[in-house]
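J.: coordinates only, sequence not included:
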């Protein structure tokens, strides 16, 4: 891998989050992340040939900001 490819890969990794990373950011379980994905609250990124479920960091940060601003707590609703 060239120096440019390594930096591009690192930048791409910083923009995408795994289910456990999303769960840690939101303070919820990965099961709740899956529930939020099924409801459409969180939408995964579909990458050709990749079986992992990944989410855009910006989407998760927007969700966190929305929860903070609106005072709603999706974590409680997602566990029902």
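T.: Looks like it arrived, so ask away. The structure displayed is predicted, hence computed values, not measured ones.
J.: the strands in the chain, which residues?
T.: Using DSSP state E, the strands of the chain run over 16-18, 54-56.
J.: now those strands in JSON lines, with mean pLDDT and mean neighbour count?
T.: Where C-beta positions appear, they are placed from N, C-alpha and C, glycine not excepted. Written out in JSON lines, the entries for the strands of the chain read as follows (pLDDT from 0 to 100; neighbours: other Cβ atoms under 10 Å):
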{"stretch": "strand 16-18", "mean pLDDT": "94", "mean neighbour count": "18"}
{"stretch": "strand 54-56", "mean pLDDT": "94", "mean neighbour count": "19"}
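J.: how about those strands, which one is nearest residue 32?
T.: In this view, the strands of the chain are compared for proximity to residue 32 by Cβ to Cβ, and strand 54-56 is the closest at 13.2 Å.
J.: before we move on, the earlier item: now distance to residue 43 too, for the strands of the chain, in CSV please.
T.: Putting these into CSV (distance: least, Cβ to Cβ, whole Å) gives the following:
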stretch, distance to residue 43
strand 16-18, 12
strand 54-56, 8
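J.: out of those strands, which is closest to residue 42?
T.: It's strand 54-56; of the strands of the chain, that one is closest to residue 42 (Cβ to Cβ) at 5.8 Å.
J.: let me know how buried residue 42 is, in neighbour terms.
T.: Residue 42 has 24 neighbours, counted by other Cβ atoms under 10 Å.
J.: let me see the contact set for it.
T.: 22, 33, 36, 55, 59, 60, 63 (Cβ atoms under 8 Å, 6 or more residues apart in numbering).
J.: now swap in residue 22 and tell me
T.: Contact criterion Cβ under 8 Å, 6+ apart gives 33, 42, 55, 60 as the residues in contact with residue 22.
J.: state the distance from residue 62 to residue 32.
T.: Distance check for residue 62 against residue 32: by Cβ to Cβ, to the nearest Å, it reads 18 Å.
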